[in-house]
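In: Here's my sequence, what's the structure:
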Amino acid sequence: MQNTVLVNRIYRHFKGDYYIVVGIAKHSETEEEMVVYRQLYGAGELWVRPMSLFISEVDHEKYPDVKQKYRFELQDISSVK
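Out: Numbers count the residues shown, from 1 in each chain. A predicted model of the protein is given here:
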């Protein structure tokens, strides 16, 4: 299981879109770790998801055609310069 989420890095969601992680936060009452991330398309909205869901594996019974193992996977994107 991928268990490290890196801030300021780009991740691909298993449905195809890209997001940048902007921070790791804690829920104010439960102290559950949350991943704060921004969509890299459309209006660039900011989202939050529990860490446990962000790093979870794709449900391949529900999505049998998905090749990606994890819900969000770190991308290695090189600079063009």
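In: any idea where the helices of this protein begin and end?
Out: With DSSP state H as the criterion, the chain has helices at 51-54.
In: Centre-most residue in it?
Out: Closest residue to the average C-alpha location of the chain: Phe72 at 4.1 Å, with C-alpha atoms, centre = their mean.
In: Show me what that residue is bridged to.
Out: For Phe72, the beta-bridge partners under DSSP bridges are His13.
In: you'd agree it is up against Tyr18?
Out: No - look at Phe72 against Tyr18 with C-beta atoms under 8 Å: they stay out of range, at 9.8 Å. From N, CA and C alone the C-beta is placed, and that goes for glycine too.
In: Give me the common contacts of those two.
Out: Tyr11, Arg12 (C-beta atoms under 8 Å, 6 or more residues apart in numbering).
In: that older thread, what does the model give the residue nearest to the centre of the chain for pLDDT?
Out: Looking at Phe72, its pLDDT is 97.
In: swap in Leu40?
Out: Per the predicted model, pLDDT is 97 at Leu40.
In: what's around it, how many residues?
Out: Leu40 has 13 neighbours, counted by other C-beta atoms under 10 Å.
In: swap in Val66?
Out: Using other C-beta under 10 Å, the number of residues around Val66 comes to 14.
In: Contact partners for it?
Out: Per C-beta under 8 Å, 6+ apart, neighbours of Val66: Phe14, Val58, His60.
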